[in-house]
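A.B. asks: below: sequence and its predicted model.
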Amino acid sequence: MKKTVCTSQKGFTLIELLIVVAIIGILAAIAIPQFAAYRQRAFNSAATSDVTNMQKSQAAFFSDWQQFGETVSAANEAAATGAAAADTDAILTGPGAVGAMPFIRNTNGAMAIGLSNNVNLVANVEAAAAVSFIGVAKHTQGNRLYAIDSDITATYNSLGGTTSVGLNIAAGDIPACTPNNDDFGGAAPVANSYGNNWLLM
């Protein structure tokens, strides 16, 4: 008896393979921008959360000292009570080195504040009596800045744009703190270092 050996093998045709590659390409073209937008929202949410938490920390600080505090580096937090720190309104980046939490401080005392990874935060007080403060936060990889002012209850945000991704807060993003005044909006809104106005959230 003769044995029949089957030598024909079936596989995917070139057309079938091209269709699969095209489907994968279409899915990737949809998914990658969505993922990038999702990451941006997560980075921006961390900055929003931290600026809101700073507002609560400032309220607790004010209840103790009847003044608001400015951000200082850990190196200057230990300055003697009654002495002005060398780098008040310093731009801090979270979470800080091990054992060196970010602080807000005035000449009466200091308080540690929490900061998320890669979030920049700065708090500035008006010079005369420190009874008004402003705060600005931005995630290094985020594309928005977030701000609060103790003189109003609203939170502001400003689109930094694609040029701000990978950058920290700049000095031009922090207006002077004026008591009893909306420093981010009002009749004459100020622009940040990216040339964009602050908008109410």
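C.D. replies: Everything's here; your move.

A.B. asks: look up the pLDDT of the residue nearest to the spatial centre of the chain for me, please.
C.D. replies: What sits nearest the mean C-alpha location of the chain, by Cα atoms, centre = their mean, is K138, with 2.4 Å. If you check K138, the pLDDT there is 93.

A.B. asks: how about V51?
C.D. replies: With respect to pLDDT, V51 has a value of 93.

A.B. asks: packing partners of the helix or strand hosting it?
C.D. replies: Using DSSP states H and E, the element containing V51 is helix 14-65. Counting contacts by 3 or more Cβ pairs under 8 Å, 6 or more residues apart in numbering; DSSP states H and E, helix 14-65 is packed against strand 103-105, strand 110-112, strand 119-125, strand 133-139, strand 144-149, strand 155-159. In this view, the C-beta of every residue, glycine as well, is placed from N, C-alpha and C.

A.B. asks: one more pass at 7 Å, please.
C.D. replies: Counting by 3 or more Cβ pairs under 7 Å, 6 or more residues apart in numbering; DSSP states H and E, the packing neighbours recorded for helix 14-65 are strand 103-105, strand 119-125, strand 133-139, strand 144-149.

A.B. asks: so which of those strands comes closest to D182?
C.D. replies: Closest approach to D182 among the helices and strands packed on helix 14-65 (Cβ to Cβ): strand 144-149, 6.1 Å.

A.B. asks: paired strands for that closest one, with orientation please.
C.D. replies: Strand 144-149 pairs in its sheet with strand 133-139 (antiparallel), strand 155-159 (antiparallel), by DSSP bridges.

A.B. asks: ranking these by burial, who's on top?
C.D. replies: Neighbour counts (mean count of other Cβ atoms under 10 Å) averaged over each of the strands paired with strand 144-149 peak at strand 133-139, with a mean of 28.

A.B. asks: for that one, what is the distance to the chain centroid?
C.D. replies: In terms of Cα atoms, centre = their mean, to the nearest Å, the centre of strand 133-139 is set 8 Å apart from its chain centre.

A.B. asks: who's in contact with it?
C.D. replies: Contact with strand 133-139 is made by 43-44, 46-47, 50-51, 54-55, 58, 68, 118-125, 145-150, 169, 173-175, 177, 183, as judged by Cβ atoms under 7 Å, 6 or more residues apart in numbering.
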